[in-house]
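> Build the 3D model from these lines:
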Amino acid sequence: MASVLLRLTHLLTPKTDIVIRIVKYVLYDILQNRMLLGYTLFLLAVSFGLFNLGGDSTKGLVGLLNIVLIVTPLVSIIFSTIHLYNSAEFIELLAAQPVRRSVILWSEFFGLATAMKLAVLVGIGIPVAIFSPDLTGLTLVLVAAGLSVAFVSIAMLASVLTRDKARGIGLALLLWFYFALLYDALVLFLMFAFADYPLEKAMLGVIALNPIDLSRVVVLLQMDISALMGYTGALFREFLGTGTGIVFACIILLAWIFIPVFFAVRFFGKKDL
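Here you go, the predicted structure:
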């Protein structure tokens with residue numbers, strides 16, 4: 001505790017940029033975590049393995065896409081949730097100082113987001129740059145980084161909503177399960193239930209409600225296998241394959257990144273610590 005107070009005193013010295021100082025401290029603390037190192041090495045090993053076993057860069061990218069859509073969001077939301085609960089004392093100490101609560105939470109977010117993006121850029125970016133240095137590979141890496149940050153944001157909201165660590169982690173797992181698995185089942189049920197109605201255009205709005213589905217569609221369209229998705233895939237290519245569609249996808253992913261953090265900051269500002 002004494003070492004934390006000493007660092008906190010140094011952190012709040014006059015004429016310093018508080019946000020940058022907190023982000024640096026959070027990032028330094030996270031980079032020392034063995035779980036993050038193990039996650040980075042896991043992504044690196046799996047990425048090289050998929051590219052070498054597949055014998056084809058496209059097959060490697062398809063296999064890597066499954067890792068990006070399942071493992072990356074899961075690790076990001078669980079790691080971020082655990083880190084926030086473990087940093088509760090540090091956050092409370094900062095809140096007792098003349099520092100705005102919004103500054104504290106945004107700093108925690110930027111620190112976590114930077115760490116998770118670094119893990120993705122090293123673990124996935126390096127193999128993709130070697131085996132598939134094209135637009136499809138770049139899209140996959142950007143989608144992986146964006147999904148990581150989006151689920152860091154969702155983890156912050158889940159952590160702020162409940163004090164209990166076990167409930168917070170449970171809520172984070174439940175959110176991941178909903179976005180990664182349950183959401184697709186619900187969409188499939190709706191498509192069967194309303195099969196007699198033209199749902200193709202409505203599906204454009206449906207995928208916006210799930211960052212994982214949106215990321216999947218964007219990467220698959222870049223791989224030029226949208227024909228396997230039928231008429232809906234052709235509709236996605238017609239819209240998301242254009243400049244307007246790319247801008248739309250980027251805006252939706254940015255919304256999934258910043259909206260949960262915005263509400264987390266609002267709740268945290270009113271929360272009784």
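> Can you give me the distance of residue 109 to residue 93?
18 Å (CB to CB, to the nearest Å). Where C-beta positions appear, they are placed from N, C-alpha and C, glycine not excepted.
> OK, contacts around residue 160?
The contact partners of residue 160, by CB atoms under 8 Å, 6 or more residues apart in numbering, come to 105, 264, 267-268, 271.
> now, which of these sits nearest residue 180?
Residue 180 has its nearest neighbour among the contacts of residue 160 in residue 264, at 20.9 Å by CB to CB.
> The closest one sits in which helix or strand?
Residue 264 is part of helix 243-270 when elements are defined by DSSP states H and E.
> mean confidence for that helix?
Helix 243-270 shows a mean pLDDT of 84.
> Distance from the chain centre to it, please.
Mean-position distance between helix 243-270 and its chain equals 11 Å (CA atoms, centre = their mean, to the nearest Å).
> Assign residue 219 to helix, strand or coil.
Under the three-state scheme (DSSP: H, G, I helix; E, B strand; the rest coil), residue 219 adopts helix.
> So for the residue nearest to residue 91 when sequence neighbours are not counted, what's the pLDDT?
Spatial nearest neighbour of residue 91, excluding adjacent residues (CB to CB, 6 or more residues apart in numbering): residue 104 at 6.0 Å. Per-residue pLDDT puts residue 104 at 84.
> any idea how far residue 81 is from residue 104?
Remark: distance between residue 104 and residue 81 (CB to CB) = 17 Å.
> Same question for residue 127.
Taking CB to CB, one finds residue 127 at 28 Å from residue 81.
> one step back: closest to residue 206 among the contacts of residue 160?
residue 264 (25.2 Å).
> for residue 32, phi and psi?
Residue 32 has phi and psi values of phi -80, psi -10 when expressed as degrees, to the nearest 10.
> where does residue 134 fall, phi/psi-wise?
With angles defined as degrees, to the nearest 10, residue 134 sits at phi -130, psi -170.
> between residue 109 and residue 93, which one's more packed in?
residue 109 (25 against 18; other CB atoms under 10 Å).
> Tell me how far the closest residue to that one other than its chain neighbours lies from residue 192.
Computed as CB to CB, 6+ apart, the closest residue to residue 109 that is not its neighbour in sequence is residue 261, at 5.3 Å. From residue 261 across to residue 192, the span is 36 Å (CB to CB).
> and what of residue 66?
Separation of residue 66 from residue 192 (CB to CB) stands at 24 Å.
> More neighbours: which of these two?
Legend: neighbour count by other CB under 10 Å for residue 66 and residue 192, higher for residue 66 (11 against 8).
> Around residue 28, how many other residues sit close by?
Residue 28 has 12 nearby residues by other CB under 10 Å.
> Okay, and it sits in which element?
helix 18-31.
> Checking residue 166 next. Helix, strand or coil?
Residue 166 ends up helix, using three-state DSSP.
> For it, report the pLDDT, please.
Residue 166 is assigned 86 on the pLDDT scale.
> got the buried residues for the helix holding residue 264?
By 16 or more other CB atoms under 10 Å, the buried positions in helix 243-270 come out as 245, 248-249, 252-253, 256-257, 260-261, 264-265, 268.
> what's residue 107 in contact with, if anything?
18-19, 22-23, 26.
> and if we set it to 7 Å?
19, 22-23, 26 (CB atoms under 7 Å, 6 or more residues apart in numbering).
> I'd like those residues as a markdown table, with pLDDT, neighbour count and distance to residue 121 appended.
Below are the contacts of residue 107 laid out as a markdown table (pLDDT from 0 to 100; neighbours: other CB atoms under 10 Å; distance: CB to CB, whole Å):
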| residue | pLDDT | neighbour count | distance to residue 121 |
| --- | --- | --- | --- |
| 19 | 74 | 15 | 22 |
| 22 | 79 | 25 | 22 |
| 23 | 78 | 20 | 18 |
| 26 | 80 | 22 | 18 |
